[in-house]
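Predicted structure and sequence below. I'll ask about it afterward.
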Amino acid sequence: MSAKIIDFASAATAASDGLVIEGIHTTYDRVDVLTGVSLRVLPGQITCILGANGAGKSTLIRSILGLTPAYRGRIRFNGEDITRLPTHRIVSRGIACIPEGRKVFAKLSVEENLRAGAYLEPSAREIAHRLEHVYAVFPRLAERAGQLAGTMSGGEQAMVSIGRGMMAAPQLLIIDEPSLGLSPLYVKENFAVIERLHSFGSTVLLVEQNVHQTLAIAHRGYVLAQGHVVAEGSARELADNPRVKEAYFG
Ligand SMILES: Nc1ncnc2c1ncn2[C@@H]1O[C@H](COP(=O)(O)OP(=O)(O)OP(=O)(O)O)[C@@H](O)[C@H]1O
């Protein structure tokens, strides 16, 4: 009887565990790129991964998504071991990724772009419900629903690509270097978009090189250098941590 109660309790904890990465090692061509990375993304928070070029940020995303699986260590999502699941199964567990470069389908309308993000969802009613949610988060997209996405501004295209990710109704949204290649004005707008997304309850893993703006919106973060975590803590702790600067400038 008591064992059953304990089972229920741990199942409840696991279901709200979020993403837990324990000591993963990932390799390309037998060269280890990630060497014992551990981190945690708590539900409802913005967690960031900072690090210079080549630190291993993209590889970490590839490992979470099962594109380049970790050969050692463990990745759990809401209590389930997903380390070696194929990518489509990981996606079906509720993890979506907005890749670097935030490509939109330029010749499709904003709404068609958004609908493309829900291609796994068979119910028209559910899709309409998700669209409504995206439009509530980003009213600008509702105003421009019929406009060709390729004619939107850089900042608006960033909204379209994030909105498309939201259409999969993910429990965890990974956003890879959203400010890469954007002008300063759009970078600012882009971070505001992510903050707004979070204020509507989304859990975000934000991978970025833009330290200041990232720490201004994140709750917690990790700094990667040469394939391992060199600093972690609350955004405020990281902002004051000299290792953050070191990780970027050596
Ligand atoms: N497909 C691959 N084959 C071999 N080595 C790779 C491959 N992809 C990445 N690497 C190497 O792995 C290391 C980490 O690269 P990764 O792309 O994960 O870094 P990053 O932190 O995302 O960098 P950036 O910010 O420049 O994208 C680099 O030394 C890189 O050259």
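All right, it came through fine.

How far off centre is the longest helix along the chain?
Criterion DSSP state H: the longest helix present in the chain is helix 184-199. In this view, helix 184-199 has its centroid 14 Å away from the chain centroid, taken as C-alpha atoms, centre = their mean, to the nearest Å.

Residues in contact with that helix: which ones?
Here helix 184-199 makes contact (C-beta atoms under 8 Å, 6 or more residues apart in numbering) with 45-46, 137-138, 153-155, 158-159, 162, 166, 173, 175, 178-179, 182, 204, 206, 210, 213-214, 216-217. Glycine gets a C-beta too; all of them are placed from N, C-alpha and C.

So which of those residues are in helices?
Those of the contacts of helix 184-199 mapping onto helices are Val137, Gly154, Gly155, Ala158, Met159, Ile162, Met166, Gln213, Thr214, Ala216, Ile217, per DSSP H.

Number of residues surrounding the fifth one?
So the one you mean is Met159. Neighbour count of Met159, defined by other C-beta atoms under 10 Å: 26.

Could you measure from His129 over to Ala149?
22 Å (C-beta to C-beta, to the nearest Å).

again, but for Pro170
Counting by C-beta to C-beta, the gap from Pro170 to Ala149 is 20 Å.

Contact residues of the protein facing the ligand?
Residues of the chain that fall close to the ligand, judged by C-beta under 6 Å from any ligand atom: Tyr28, Asp29, Val33, Gly51, Asn53, Gly54, Ala55, Gly56, Lys57, Ser58, Thr59, Gln209.

Between all of those residues, which two are separated the most?
Largest separation among these by C-beta to C-beta: Asp29 and Gln209, giving 25.1 Å.

These two - which one has more neighbours?
Using other C-beta under 10 Å as the criterion, Asp29 and Gln209 rank with Gln209 on top: 15 against 5.

Can you tell me how far the most centrally placed residue in the chain is from the ligand?
The centroid of the chain falls nearest to Ile174 when counting by C-alpha atoms, centre = their mean (1.2 Å). Distance, Ile174 to the ligand, by C-beta to the nearest ligand atom, to the nearest Å: 12 Å.

what's the answer for Leu197, then?
Note on Leu197: its distance to the ligand, by C-beta to the nearest ligand atom, is 22 Å.
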